[in-house]
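J.: I would like to see how this sequence folds:
(chains A and B)
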Amino acid sequence: MVEPLIFEYHASGGRSFTVKAPEASDLPKQFLRKSKPALPAVSELQVVRHYTRLSQLNFSIDTHFYPLGSCTMKYNPKACNSLAMLPELLGRHPLAPDQFSQGTLECLYELQEMLQQATGMSGVSLTPMAGAQGELAGVAMIQAYHKTRNDHERNEIIVPDAAHGTNPATATMCGCKVVEIPTRADGDLDIDALKAAVGPKTAGIMLTNPSTLGVFERQIEEIASIVHAAGGLLYYDGANLNAILGRTSPGAMGFDVVHLNLHKTFSTPHGGGGPGSGAVGVGERLRPYLPIPLVIKTASGYSWAAEKDCPDSIGRLSAFMGNVGVLLRAYIYMRMLGGEGMRRVSEYAVLNANYIMVCLREAGFTIAFSERRASHEFIISVKKITRETGISAMDFAKALLDYGIHAPTTYFPLLVPECLLIEPTETESIQELDGFIEAMIAIRDKAYSDPEALKAAPLTMPVRRLDDVRAAKHPNLVWQPPDEQAI
Amino acid sequence: MSEIPEDLKYTEDHEWLRVEEDGLITVGITDHAQGALGELVFVELPEEGQVFNKGDACAVVESVKAASDVYCPLGGLITDVNSNLADEPELVNTNPHEGGWLFRIAPESEDVLETLMDTIAYEEYLSGLED
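T.: Below is the predicted model:
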């Protein structure tokens, strides 16, 4: 590795200092450690250099264009971060009484209201801690609804094959049976297959719109009426909300429940595994089942509504009230943009995707669903290039790194062979988009003139091609000291 | 070009079937399927004694690219599974039609076999997918 682990800087007898244990401690004696932790002996300067060098190895949105499809790697304004870190917000203890939390509660209440409006729903709960938990809450609410109506046979969740991969996983986690529906050649759902699949066992359908194919499902109103007529409910996966923000809403399309990835669409740096927020919105029918706590406004101010006020709730999903830091960033982001700004988010997200798509098509690339307009992302297939030169989608992804561009999503969605899923987001300039297009053309030309050179890419990164098969089979996650006694 | 042995039958989901001398049917995924998935890192197999209907998802093959269900090509009782794949899932890549078999099934009926593709039909099916 270009930078060793901090432990590998350890030198026996090296310079370091030990923090003296405090005389008095609140911790019960049985929890106090008896031996010293195995920390490396390194100087302050060694520590500073180590972590500074690591930070310079980051391939991040602050340093590089990041068109990672399905992930919405937009620039998050620094103001969202700095305002959410105000000491008045940051210093609030989660157990502080409501009367001392009015500022935070007011922000969260208004966020509930704004998200409700943006999604066209009747109620919102901010408590799910991530997208996956929002999905879990959504399906649990659908189940609670059917159970309350003594409709116990409904345990099938319909999932189109163009939906997000997490959707069938969520349905399975909730104990439902997954019924997969195919997609037609034009990218829309196979309506006949849907009509054949719905029935007295249908609990609901989980849809992503625009779908993972990067196109808007045009028959959504017909789908909604078919599923509703069969007694099922519609779940909207908010993964691709960036494409429709301020233009239309899940409520207008006929959905009953939606989860939003606030960390993704509403300004929290993400991709490193958290923290996230999967706020859920519901139509009137599912309101009683929203996960708690909710923020309510009364004559005496803002307060939490929990078990007592919401007896039919599916319950709590986190110890307190979700990831408040992420919620505050979303609140600040929405307040800075306003309604007009949010419409411009989707306008430029879609414009940027279509600009790259049309330029690449004119340059001779094969676009999946070429006759369709892209949403906020689109798919190219390099299958023809792979067949003629041996250069695969993965080789394109690795070569882009040498152009200072993060790789797009590769081999997803599974329906398109040798594909790259490209999502530029609204925050990139036209110069950046043109640079990407030029890089793609240069890589394609090189595939025909010097394919071996591309097989060796990336050449400029700290590491070359990693053995991802070995990493998956034999993960080495914990550093072992060469000699226990040495530390 | 994918290898397509002549003694096997093929499904549109890229599975192969071999009728053994004892009447059991061995099932695996085709050379084309393993090539499309890339090197496998995990194979989840059914349990011996489980009964499946035609079309049920009964195994999972996972590569660094994707995890895919394997659908039971015909109804019946699972009699054997290839336990070597637990430690060596890559056998499916290196030897998809022999050492990389997935499971054996005692079929309820052999009618389905008549509807499956032979080598020539599967080869045509694959070239149709290329276009």
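J.: Return the residues of chain B in contact with chain A.
T.: B:36, B:39, B:41, B:42, B:64, B:65, B:66, B:68, B:89, B:90, B:130 (C-beta under 8 Å from any C-beta of the partner chain). (Each C-beta comes from the backbone N, C-alpha and C, glycine too.)
J.: surely the second one meets residue B:62?
T.: No. In this structure, residue B:39 sits apart from residue B:62 without contact. The criterion is C-beta atoms under 8 Å, and the distance is 10.5 Å.
J.: Compare these two (neighbour count), which wins?
T.: Shown here are residue B:39 and residue B:62; by other C-beta atoms under 10 Å in any protein chain shown, residue B:39 has more neighbours (19 against 16).
J.: give the contact list for the closest residue in space to that one that isn't next to it in sequence.
T.: Using C-beta to C-beta, 6 or more residues apart in numbering or on different chains and skipping the chain neighbours, the partner closest in space to residue B:39 is residue A:469 (4.6 Å). By C-beta atoms under 8 Å, 6 or more residues apart in numbering or on different chains, the contact set of residue A:469 is B:39, B:41, B:64, B:90.
J.: Please report the distance of residue A:469 from residue A:311.
T.: 51 Å (C-beta to C-beta, to the nearest Å).
J.: swap in residue B:123?
T.: Counting by C-beta to C-beta - residue B:123 and residue A:311 are separated by 63 Å.
J.: More neighbours: those two, which one.
T.: Applying other C-beta under 10 Å to residue B:123 and residue A:311 shows that residue B:123 carries more neighbours, namely 16 against 7.
J.: Next, that one: phi, psi?
T.: Backbone geometry at residue B:123, expressed as degrees, to the nearest 10, gives phi -60, psi -40.
J.: Chain B: strands as residue ranges?
T.: Secondary structure of chain B (DSSP state E): strands at B:9-10, B:15-19, B:25-29, B:40-44, B:51-52, B:57-63, B:67-71, B:76-81, B:103-107.
J.: Save the ones you listed as JSON lines, and put in mean pLDDT too.
T.: Below are the strands of chain B laid out as JSON lines (pLDDT from 0 to 100):
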{"stretch": "strand B:9-10", "mean pLDDT": "96"}
{"stretch": "strand B:15-19", "mean pLDDT": "95"}
{"stretch": "strand B:25-29", "mean pLDDT": "96"}
{"stretch": "strand B:40-44", "mean pLDDT": "94"}
{"stretch": "strand B:51-52", "mean pLDDT": "96"}
{"stretch": "strand B:57-63", "mean pLDDT": "93"}
{"stretch": "strand B:67-71", "mean pLDDT": "89"}
{"stretch": "strand B:76-81", "mean pLDDT": "96"}
{"stretch": "strand B:103-107", "mean pLDDT": "96"}
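J.: hey, which of those strands is tucked in deepest?
T.: For the strands of chain B, the largest average neighbour count (mean count of other C-beta atoms under 10 Å in any protein chain shown) is found in strand B:25-29, namely a mean of 24.
J.: Contacts for that strand next, please.
T.: Here strand B:25-29 has contacts from B:14-20, B:37, B:61, B:70, B:72-74, B:76, B:92, B:96-97, B:100-107, B:113, using C-beta under 8 Å, 6+ apart.
J.: who's in contact with residue B:56?
T.: With C-beta under 8 Å, 6+ apart, residue B:56 has these contacts: B:71, B:72.
J.: Show me the beta-bridge partners of the residue nearest to the spatial centre of chain B.
T.: In chain B, the centroid-proximal residue (C-alpha atoms, centre = their mean) is residue B:28; its distance is 2.4 Å. Residues in a beta bridge with residue B:28, per DSSP bridges, are residue B:16.
J.: Chain A versus that one, what's the distance?
T.: Distance from residue B:28 to chain A, counting by C-beta to the nearest C-beta, to the nearest Å: 20 Å.
J.: coming back round to it: just the contacts of residue A:469 now: which is nearest residue A:373?
T.: Nearest to residue A:373 out of those is residue B:64 (C-beta to C-beta; 32.6 Å).
J.: What count of nearby residues applies to the nearest residue to that closest one once chain neighbours are set aside?
T.: In this structure, residue B:64 finds its nearest non-sequential neighbour in residue A:468, 4.6 Å apart by C-beta to C-beta, 6+ apart. Neighbour count for residue A:468, taken as other C-beta under 10 Å: 15.
J.: and residue A:319, that one's in a strand?
T.: No. Assignment of residue A:319 by DSSP: H, G, I helix; E, B strand; the rest coil gives coil, placing it outside any strand.
J.: Could you count how many residues lie near it?
T.: Using other C-beta under 10 Å: residue A:319 sits among 8 other residues.
J.: confidence score at it?
T.: pLDDT for residue A:319: 86.
J.: tell me the contacts of the residue nearest to it when sequence neighbours are not counted?
T.: Once flanking residues are discounted, residue A:319 sits nearest to residue A:94: 7.8 Å by C-beta to C-beta, 6+ apart. Listed by C-beta under 8 Å, 6+ apart, the contact set of residue A:94 reads A:319, A:320, A:321, A:324.
J.: before we move on, could you check phi and psi at the second one?
T.: The phi and psi torsions at residue A:320 (degrees, to the nearest 10) take the values phi -120, psi -100.
J.: repeat for the last one
T.: Summarising the backbone geometry of residue A:324 under the convention degrees, to the nearest 10, its torsions are phi -60, psi -30.
J.: Just the closest residue of the stretch 101-250 of chain A to chain B, please.
T.: residue A:165 (8.5 Å; C-beta to the nearest C-beta).
J.: That residue: neighbouring residues, count only.
T.: Using other C-beta under 10 Å: residue A:165 sits among 14 other residues.
J.: How about residue A:250?
T.: Around residue A:250 there are 28 residues (other C-beta under 10 Å).
J.: how much space between the residue nearest to residue B:39 and residue B:37?
T.: Distance of residue A:469 to residue B:37, computed by C-beta to C-beta: 12 Å.
J.: thought residue A:224 was touching residue A:256?
T.: No. In this structure residue A:224 lies outside contact range of residue A:256 using C-beta under 8 Å: 9.0 Å.
J.: Show me whatever sits in contact with both of the two.
T.: Joint contacts of residue A:224 and residue A:256 (C-beta under 8 Å, 6+ apart) are residue A:234.
J.: So for those two, which sits in the more crowded spot?
T.: Neighbour totals were compared for residue A:224 and residue A:256, and residue A:256 leads with 27 against 19 (other C-beta under 10 Å).
J.: give me phi/psi at the closest residue to that one other than its chain neighbours?
T.: Setting aside the residues directly before and after it, residue A:256 is nearest to residue A:233 in space (C-beta to C-beta, 6+ apart), at 4.2 Å. Here is the backbone geometry of residue A:233 (degrees, to the nearest 10): phi -120, psi 160.
J.: beta partners of residue A:233?
T.: Bridge pairing for residue A:233 - DSSP bridges - gives residue A:204.
J.: gap between it and residue A:217?
T.: With C-beta to C-beta as the criterion, residue A:233 and residue A:217 are 17 Å apart.
J.: Kindly report the same for residue A:394.
T.: Taking C-beta to C-beta, one finds residue A:394 at 29 Å from residue A:217.
J.: Check residue A:30 too.
T.: For residue A:30, the distance to residue A:217 - C-beta to C-beta - is 58 Å.
J.: more crowded one of the two?
T.: Using other C-beta under 10 Å as the criterion, residue A:30 and residue A:217 rank with residue A:217 on top: 21 against 5.
J.: Wasn't that one part of a strand?
T.: No. Counting by three-state DSSP, residue A:217 falls outside a strand, being coil.
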